[in-house]
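[1] here is a sequence with its predicted model. Questions after.
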Amino acid sequence: MSRLFGTDGVRGVANKELTVELATKLGQVGAHVLTENAHHKPKILVGCDTRRSGDMLAMALMAGICSAGADACYLGVVPTPCVAYLARALGADAGVVISASHNPSEFNGIKFFNGDGFKLSDELEDRMEEIIRNDLEEVARPTGYGIGALSYSFEEKDKYVNFITAQVPVDLTGMKIVIDCANGAAYETAPKALSRLGADLVILSNEPDGTNINQDCGSTHLDNLKKTVVKEGAMLGLAFDGDADRLLAVDEKGNVVDGDQLMAICGLYMREKGRLKDDTIVATVMSNLGFYIMAEKQGLHIEQTTVGDRYVLERMKEKGLSLGGEQSGHIIFLDENTTGDGLLSAVHLLQVIKEKKKPLSELASVVTVLPQVLVNAKVSNKNKYAYKEDEEITKAIDELTAKFDGKGRVLIRPSGTEPLVRVMIEGQDQEEITKEATKLADFIVERLS
């Protein structure tokens, strides 16, 4: 049995790798581990994105939760950051999100939050996994009143909308904005919040049908958003992913503004307002070299972590920092929420644009993005870590690293959520780095297939 938990919970093809049986076990072990110190009837919140498999897995998960003696409250379709917020706001013992984020609709995932709205540590996930491997022997099976009850509360998402608009009460009157909801979890909350703040919205991809989440839309497919922003003469475009915990933007000219640039824009504004703790932003090894050059010029410090917003969050908590995130658009404003939050990131960005009275293209130009290419080598989940042990692959990586030393960088890493090895090269020549990244990815596939 391979490791269950990746960088963002348990993921796989729904009903094949992520089965109802596994979901039930995760509900049981989650209730056991996350509520074992409760001196009351525990309550766990459960939300999902718009995938067809969401309800199926939610019911199985909640059956497991109730069988372990905790109550389960089903929130329906809500953004991941909404569950993190509501876990705190409603005094729940834990929260669970059923989502595979930016992945295609056939995938799904299960990720846990504790009662404070934080993702679980590696150590806690390891403990949960060990209990499952031991056939849940230590998990209690109460009877009678001890069995948990199931309730439904589909309107709680409104509390999240109220929270967002109260945190950054910017007046967006007169701002024409295009938003792409990815046919995902943001399809109700994002339009509601931004409309309430006065924005003139053009809304894309907010008609989920269970299978069209992330399909040619959202933060991973920006072409339609770019075209629409230019066509509509909008000030900018905002793109969420399937579970709405990340944000990418498009400026008024149709150019993509990534997570590095968004962190730079918001970070410099926060420093100006005295809200950027220790003048520091936490970022990952995937952040563009241009982001680090910007920080040096602007007198900002960058704390670097491995890939994954959970590791960004851990560093932020450890150092008491207020801003961190990933190039992919997971941005954490820790003074306000405990996880990446696409809608919160959006209103913070809009606040800067409104106050500075500058177009997004000008604000984003503070970061000169160097050419970067990411190529995926498709291998099986069981083989995606094996590249480290293959002498031919490690030799090829070493040779490529030496080639770009001093004028770029090479980063190889297995995906935490998909059967992929990611090959990223950064350099000055787009054609050259694309050629070399593709060549190495093909070689990894050849060796590991």
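    Ah, there it is.
[2] please make it C-alpha for all contacts and neighbour counts, starting now.
    Noted.
[3] what's the burial count for Tyr160?
    Tyr160 has 22 neighbours, counted by other CA atoms under 10 Å.
[4] mind pulling up the pLDDT for it?
    What the model reports for Tyr160 is a pLDDT of 98.
[5] and what about it, helix, strand or coil?
    Three-state assignment for Tyr160 (DSSP: H, G, I helix; E, B strand; the rest coil): helix.
[6] that one touches Ala84, doesn't it?
    No: Tyr160 is beyond contact range of Ala84, at 9.8 Å (criterion: CA atoms under 8 Å).
[7] tell me the confidence at Gly408?
    You'll see Gly408 listed with a pLDDT of 82.
[8] phi, psi for it please.
    The phi and psi values for Gly408, taken as degrees, to the nearest 10, are phi 170, psi -160.
[9] and it, how close does it get to Gln261?
    19 Å (CA to CA, to the nearest Å).
[10] of those two, give the one with the bigger neighbour count.
    Taking neighbours as other CA under 10 Å, Gly408 and Gln261 compare with Gln261 leading, 27 against 19.
[11] now do the SS call for that one.
    Put simply, Gln261 is helix when judged by three-state DSSP.
[12] change the start of the numbering to 30 and stick with it
    Sure, I'll start counting at 30 from here, so that last one is Gln290.
[13] who's in contact with it?
    Residues in contact with Gln290 (CA atoms under 8 Å, 6 or more residues apart in numbering) are Phe320, Ala393, Val395, Val396.
[14] what about 6 Å?
    For Gln290, the contact set (CA atoms under 6 Å, 6 or more residues apart in numbering) comprises Ala393.
[15] for this protein, what's the longest helix?
    helix 459-477 (DSSP state H).
[16] tell me how far that helix is from the chain's mean position?
    Distance, stretch centre to chain centre, for helix 459-477: 27 Å (CA atoms, centre = their mean, to the nearest Å).
[17] next, the buried residues of it.
    Going by neighbour count (16 or more other CA atoms under 10 Å), the buried part of helix 459-477 is Ile462, Thr463, Glu465, Ala466, Thr467, Leu469, Ala470, Phe472, Ile473, Val474, Leu477.
[18] which of these sit farthest apart?
    Taking CA to CA as the measure, these reach their widest spread between Ile462 and Leu477, a distance of 22.3 Å.
[19] any weak-confidence spans in the stretch 30-179 of the chain?
    30-31 (pLDDT under 70).
[20] ranges for the strands of it?
    Using DSSP state E, counting those that start in this stretch, the strands of the stretch 30-179 of the chain run over 34-35, 38-42, 72-77, 100-106, 123-127, 136-143, 179-181.
[21] surely Cys95 touches Gly177?
    Yes: counting by CA atoms under 6 Å, Cys95 touches Gly177, with 3.9 Å between them.
[22] just to revisit the earlier point, least confident pick among the buried residues of helix 459-477?
    The minimum pLDDT among these falls on Leu477, with 89.
[23] distance of that one relative to Asp427?
    18 Å.
[24] ditto for Arg442
    As judged by CA to CA, Arg442 and Asp427 stand 14 Å apart.
[25] follow-up on the earlier one: now render the buried residues of helix 459-477 as CSV, adding distance to Leu233.
    Shown next, in CSV, are the buried residues of helix 459-477 (distance: CA to CA, whole Å):
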residue, distance to Leu233
Ile462, 33
Thr463, 31
Glu465, 36
Ala466, 33
Thr467, 33
Leu469, 37
Ala470, 34
Phe472, 39
Ile473, 38
Val474, 36
Leu477, 40
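[26] now, which of the residues you listed sits nearest Pro220?
    Proximity of those to Pro220 (CA to CA) peaks at Thr463, which lies at 37.5 Å.
[27] do a quick rundown of the helices in the protein.
    In the chain, helices defined by DSSP H lie at 49-63, 82-96, 109-118, 151-162, 186-196, 218-225, 252-261, 288-301, 318-327, 338-348, 371-385, 389-393, 420-433, 459-477, listed in chain order.
[28] to Ile206, which of those helices lies closest?
    helix 252-261 (7.8 Å).
[29] only C-alpha atoms, please: export the closest one in PDB.
    Extracted in PDB, the C-alpha atoms of helix 252-261 (Å, rounded to 0.1, in the frame of the first residue of the first chain):
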ATOM      1  CA  ASP A 252      -7.200  32.000 -22.500                       C
ATOM      2  CA  ASN A 253     -10.900  32.800 -22.400                       C
ATOM      3  CA  LEU A 254     -10.400  35.100 -19.500                       C
ATOM      4  CA  LYS A 255      -7.700  37.000 -21.300                       C
ATOM      5  CA  LYS A 256      -9.800  37.400 -24.400                       C
ATOM      6  CA  THR A 257     -12.800  38.500 -22.400                       C
ATOM      7  CA  VAL A 258     -11.000  41.100 -20.400                       C
ATOM      8  CA  VAL A 259      -9.700  42.800 -23.600                       C
ATOM      9  CA  LYS A 260     -13.000  42.500 -25.400                       C
ATOM     10  CA  GLU A 261     -15.000  44.000 -22.500                       C
END
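[30] need the residues that contact it.
    Contact with helix 252-261 is made by Gly283, as judged by CA under 6 Å, 6+ apart.
[31] so for it, mean pLDDT?
    On average, helix 252-261 scores 98.
[32] okay, now the unreliable bits of the stretch 180-329 of the chain?
    Of all residues in the stretch 180-329 of the chain, none has pLDDT under 70.
[33] now Val199: how far from Ile382?
    Distance from Val199 to Ile382, by CA to CA: 10 Å.
[34] hang on, I meant Val336
    For Val336, the distance to Ile382 equals 29 Å [CA to CA].
[35] cool, Asp272 as well?
    Asp272 is 25 Å from Ile382, by CA to CA.
[36] who's more crowded, those two?
    Ranked by neighbour count (other CA under 10 Å), Asp272 and Ile382 place Asp272 first, with 33 against 21.
[37] quick one, what contacts the more buried one?
    Taking CA under 6 Å, 6+ apart as the test, what Asp272 contacts is Asp78, Pro108, Thr109, Ser130, Ala214.
[38] repeat that with 7 Å
    The contact partners of Asp272, taken as CA atoms under 7 Å, 6 or more residues apart in numbering, are Asp78, Pro108, Thr109, Ser128, Ser130, Gly213, Ala214, Ala215.
[39] list the contacts of the second one.
    Meaning Pro108. Contact analysis of Pro108 by CA under 7 Å, 6+ apart lists Asp78, Ala214, Ala215, Asp272, Ala273, Asp274.
[40] let's see that with 6 Å instead.
    Ala214, Asp272, Ala273.
[41] next, count neighbours for the last one.
    Summarising burial for Ala273: neighbours were counted as other CA under 10 Å, giving 31.
[42] wait, doesn't it sit right on Gly371?
    Yes: at 5.4 Å, Ala273 counts as touching Gly371 under the criterion of CA under 6 Å.
[43] among the helices of the chain, which is nearest Arg40?
    With CA to CA as the measure, helix 49-63 is the member of those nearest Arg40 (10.6 Å).
[44] now the closest one, how far from the centre of its chain.
    The answer for helix 49-63 is 22 Å, by CA atoms, centre = their mean.
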